[in-house]
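>>> curious how this folds, go ahead:
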Amino acid sequence: MSAPTLNHQVTGYDARQAYCMAKAAQLAYQDEERIEATAAEWGFDRVRHHCSTFSPPFALSDTQGYTMANSTMVVTAFRGTEPVQLRDWLSDATTPPWPGPARTGLVHYGFAQAVTAVFPQVLEAITELRDADQTIWFTGHSLGGALAMLAAAWLHFEDPKLSADGVYTFGQPRTCDAALAKAYDSALENRTFRVVNNNDIVAQSPPEPVFKHVKEIRYIDSNGRVHDSMPVVSNLFDRAKGMTADPFAPGSDGIRDHLMKAYLAALEKNLP
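Numbers count the residues shown, from 1 in each chain. Below you'll find the predicted structure:
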């Protein structure tokens, strides 16, 4: 499936849409020329690039992404980062949380800095490109998944007329406190899908109870099957199975499961 077909009319979780959004998230790792050429192949004739830098003490130096549009959809995808680097950064508890969108709850300081640095560009692109009442979508992998969820939150709570029609994230870390997670779940119920691959180490960071996940999960088990829920006992056994899948590198499963290619391979297996 070289050219994914995104569907602007899909509601709820859809296996083909999940795979196509994962391809769009993967594309965010490419350079601007490749993004534009690939978007054109997919039928998206307009692209805007987003990049904003910020300063230490944070380990991440910039936020990158793109917005592409055609006559039916506007899709924004954010770029991720290395899992070990991101995990170490998220473990830093030296800075207080940042107020969430429209003063709703709290957000991990680093994520808030990253998304607010680029959000004005994203909002400008969506406003410009959405000239035919197109549906609005966000996606991203790793850090990009966190930024996709938070950009959708900022858009909904600060400009509700532009609320996202769909958000698919892959290997997303926890981003916010319980108050924002609850408000987000209520506002974007059945429109946001947080896909987690087995023992993905980034999806387990930063630590609870301060930071929470939004609740709409799609769990990929150790055999590559997608579930809309996973009983606790079965989940523990499945995670253990995944951890012992490689006898020569038993501690590598958490990082291996986080790779974008692992998500794409599993999602492709689940296509109808």
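>>> chain center to stretch 18-28, what's the gap?
Stretch 18-28 sits 10 Å away from the centroid of its parent chain (C-alpha atoms, centre = their mean, to the nearest Å).
>>> what does stretch 174-187 give?
15 Å.
>>> contacts for it next, please.
By C-beta atoms under 8 Å, 6 or more residues apart in numbering, the residues outside stretch 174-187 that reach it are 97, 100-101, 104-108, 111, 146, 149-150, 153, 156-157, 163, 192, 205-206, 208, 210-216. Every residue, glycine included, has its C-beta placed from N, CA and C.
>>> quick one: the helices in the chain?
Remark: helices assigned in the chain by DSSP state H are 15-27, 32-41, 83-90, 109-129, 143-158, 178-187, 232-243, 253-256, 260-269.
>>> in contact with Ala18, which residues?
Taking C-beta under 8 Å, 6+ apart, one finds 168, 193, 195, 218, 226, 267, 270 in contact with Ala18.
>>> let's see that with 6 Å instead.
Taking C-beta atoms under 6 Å, 6 or more residues apart in numbering, we find Ala18 in contact with 168, 267.
>>> how deep is the closest residue to Thr127 other than its chain neighbours tucked in, by neighbour count?
Among residues not flanking Thr127 along the chain, Leu162 sits closest, at 7.5 Å (C-beta to C-beta, 6 or more residues apart in numbering). Leu162: 15 surrounding residues under other C-beta atoms under 10 Å.
>>> tell me, what's the model's pLDDT at Leu162?
Looking at Leu162, its pLDDT is 91.
>>> thought it was touching Leu155?
Yes - with contact defined as C-beta atoms under 6 Å, Leu162 reaches Leu155; the gap is 5.3 Å.
>>> neighbours of Tyr168, just the number please.
31.
>>> who does it bridge with?
Thr139, Phe193 (DSSP bridges).
>>> what sits against it?
18, 21, 139, 193.
>>> repeat that with 7 Å
Applying C-beta atoms under 7 Å, 6 or more residues apart in numbering to Tyr168 gives the contacts 18, 21, 139, 193, 195.
>>> which of the helices of the chain sits closest to Tyr66?
helix 32-41 (5.2 Å; C-beta to C-beta).
>>> C-alpha coordinates for that closest one, CSV please?
What follows is helix 32-41, C-alpha atoms only, in CSV (Å, rounded to 0.1, in the frame of the first residue of the first chain):
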residue,chain,number,x,y,z
GLU,A,32,10.5,19.6,3.1
GLU,A,33,11.0,18.6,-0.5
ARG,A,34,10.2,14.9,0.2
ILE,A,35,7.1,15.9,2.2
GLU,A,36,5.8,18.1,-0.6
ALA,A,37,6.4,15.5,-3.3
THR,A,38,4.8,12.7,-1.3
ALA,A,39,1.8,14.8,-0.3
ALA,A,40,1.2,15.6,-4.0
GLU,A,41,1.3,11.8,-4.8
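>>> mind giving me the packing neighbours of that helix?
strand 46-53 (3 or more C-beta pairs under 7 Å, 6 or more residues apart in numbering; DSSP states H and E).
>>> hmm, who's touching the strand it packs on?
32, 35-36, 39, 61-69, 117-118, 121-122, 125, 129.
>>> quick one: low-confidence residue ranges for the stretch 51-200 of the chain.
54-61, 84-94 (pLDDT under 70).
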